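Enquirer: predicted model and sequence below, questions to follow.
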Amino acid sequence: MGVSGGIAAYKSAYLARLLAASGAQIQVVMTPAATRFVGPDTFAALTRRPVHSEVFDRTDAVLHVRLAHEADVAVVAPATANVLAKLALGLADDLLTSTLLEATCALVVAPAMHTGMWEHPATQANIRTLIQRGIAIVGPSEGALAAGDEGIGRMAEPEEILGAVALALGIEGDLAGRRVLVTAGPTFEPIDAVRFLGNRSSGRMGFAIALQAARRGASVTLVTGPVALDDPPGVEVVRVETAEEMAEEVLARYERIDAVVMAAAVADFRPERALDSKLKKEAGLPEIRLERTTDILATLGKRKENQVLVGFAAETSDIESEGRRKLAEKNLDLIVANEVGRRGTGFEASTNRAAILARSGNDVPLGVWTKDELARAICDRLVSLMRGRAPGQTV
């Protein structure tokens, strides 16, 4: 983990803490300028390793070579305009740039600088060079900068950088080479120009699955209904509104996909006719006739060849029995039977009370999961179901 000399170095201490909590072994290398913003002892305490900042170490004559060869992934946060220029040109005049020039592992860079420096043609040319080399660039974002300024140049948040690091590690993960499609969120079925039929799905479950699959190396497409969530890093995101739009996007990609996880809460019904104008209450109570939407999961099941197909069943009662019925009826490999309708589970909640039911009979009974835990368990099952097939083949 490289830390260069910018005010955003204080946020890198939190990034180190997040990396450590994720199970990473972290070796921090600071530029001399970085030590003027955050003391090396701070990072040493967080990582339980000594921090290095000098090229010439009396105890290790080739320190930069050893550090480079030990690393599985490198991250520079913050990366100043000066460091970006050195990386682009291949300069190595301090321990950090010497180590990175020797390293062959994946590299994640989180730029941070004032707006003028970021927008300068030289910096933008350096960024293009780094991207062409396959280096992951995270940020910068807009917001408060040093000296009270506002604009683009603020370092990405540590959580976003952590996601990019995990994604870089996932290039050789257990889903590498697989093509996974995930759906998320609700669908909104228009009644008139301002009203719609919908549900309370936040989309967080589907987004968690998409991010987990991408971190494990999969090529992920996320088709999502209207949600207030940022795009997961490393994921192709397709935003739709209605059930029919979601069906079109999913079905158009189905033949090229290895696995589909239908976590979206797709509306079962829609108004037969949506008005272009707003219904007026003065006209009295309207009569709204409903028709069925496309059952995307059932359609996929009928067209299924070798794809792995995972569904979700949102139920208020008979959770497991309803899940087993849908598992068989829709020709699924796996279904997550999820309890909704009460506090602490399902829509808008941080946890799910769910069972994982499999066609093979290897079930996990009802239990309480965080959405990240459930996402990991689902991806574990995808790995198991796709085992034995070469990457790029359907399963």
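Expert: Yep, that arrived.
Enquirer: quick one: low-confidence parts of the stretch 101-250 of the chain?
Expert: Applying pLDDT under 70 to the stretch 101-250 of the chain flags the ranges 170-172.
Enquirer: strands of that one, start to end?
Expert: 106-111, 136-137, 141-144, 150-154, 179-184, 189-190, 196-197, 219-224, 236-239 (DSSP state E, counting those that start in this stretch).
Enquirer: kindly reformat the ones you listed as a markdown table containing distance to residue 210.
Expert: Heads up, the C-betas are built off the backbone N, CA and C, glycines and all. Output for those, formatted as a markdown table (distance: least, CB to CB, whole Å):
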| stretch | distance to residue 210 |
| --- | --- |
| strand 106-111 | 19 |
| strand 136-137 | 17 |
| strand 141-144 | 21 |
| strand 150-154 | 26 |
| strand 179-184 | 4 |
| strand 189-190 | 24 |
| strand 196-197 | 24 |
| strand 219-224 | 4 |
| strand 236-239 | 8 |
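Enquirer: please report phi then psi for residue 279.
Expert: Backbone torsions for residue 279, taken as degrees, to the nearest 10, come to phi -70, psi 130.
Enquirer: okay if I get the strands of the stretch 101-250 of the chain as CSV plus distance to residue 124 and mean neighbour count?
Expert: Converted to CSV, those look like this (distance: least, CB to CB, whole Å; neighbours: other CB atoms under 10 Å):
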stretch, distance to residue 124, mean neighbour count
strand 106-111, 11, 24
strand 136-137, 11, 19
strand 141-144, 16, 12
strand 150-154, 12, 19
strand 179-184, 33, 28
strand 189-190, 42, 20
strand 196-197, 42, 18
strand 219-224, 28, 25
strand 236-239, 25, 15
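Enquirer: so which of these is nearest residue 35?
Expert: strand 106-111 (18.6 Å; CB to CB).
Enquirer: packing partners of the closest one?
Expert: Where contact means 3 or more CB pairs under 8 Å, 6 or more residues apart in numbering; DSSP states H and E, strand 106-111 is packed against strand 73-79, helix 81-89, strand 136-137, helix 158-169.
Enquirer: in the first one, which residues are buried?
Expert: Buried residues in strand 73-79, counting neighbours by 16 or more other CB atoms under 10 Å, are found at 73-79.
Enquirer: what sits against residue 97?
Expert: 83, 86-87, 91 (CB atoms under 8 Å, 6 or more residues apart in numbering).
Enquirer: what's the separation between it and residue 111?
Expert: Using CB to CB, to the nearest Å, we find residue 97 at a distance of 15 Å from residue 111.
Enquirer: residue 226 now?
Expert: Residue 226 is 31 Å from residue 111, by CB to CB.
Enquirer: which parts of the stretch 201-350 of the chain are helices?
Expert: Listed in chain order, the helices of the stretch 201-350 of the chain (DSSP state H, counting those that start in this stretch) span 204-215, 243-253, 296-303, 319-329.
Enquirer: start to end distance for stretch 33-40?
Expert: One end of stretch 33-40 to the other measures 11 Å (CA to CA, to the nearest Å).
Enquirer: all further residue positions should be reported with the first residue as 4.
Expert: Yes, from this point I'll number from 4; that puts the last item at stretch 36-43.
Enquirer: would you mark the buried spots in it?
Expert: 36-38, 40-41, 43.
Enquirer: ok, now stretch 198-214?
Expert: Those would be 198-202, 204-214, for stretch 198-214 by 16+ other CB under 10 Å.
Enquirer: and of those, the nearest to residue 131?
Expert: Among these, and counting by CB to CB, the member closest to residue 131 is residue 214, at 26.7 Å.
Enquirer: neighbour-wise, which of the contacts of residue 100 leads?
Expert: residue 86 (29 neighbours; other CB atoms under 10 Å).
Enquirer: distance of the closest residue to that one other than its chain neighbours from residue 141?
Expert: The spatially closest residue to residue 86, leaving aside those adjacent along the chain, is residue 7, at 4.6 Å (CB to CB, 6 or more residues apart in numbering). Distance, residue 7 to residue 141, using CB to CB: 15 Å.
Enquirer: those two: who's more crowded?
Expert: Counted by other CB under 10 Å, residue 7 and residue 141 do not tie: residue 7 has more neighbours, with 28 against 23.
Enquirer: residue contacts, the more buried one?
Expert: So residue 7 contacts 33-34, 36-37, 79, 81-83, 85-86, 99 (CB under 8 Å, 6+ apart).
Enquirer: brilliant, that's me finished.
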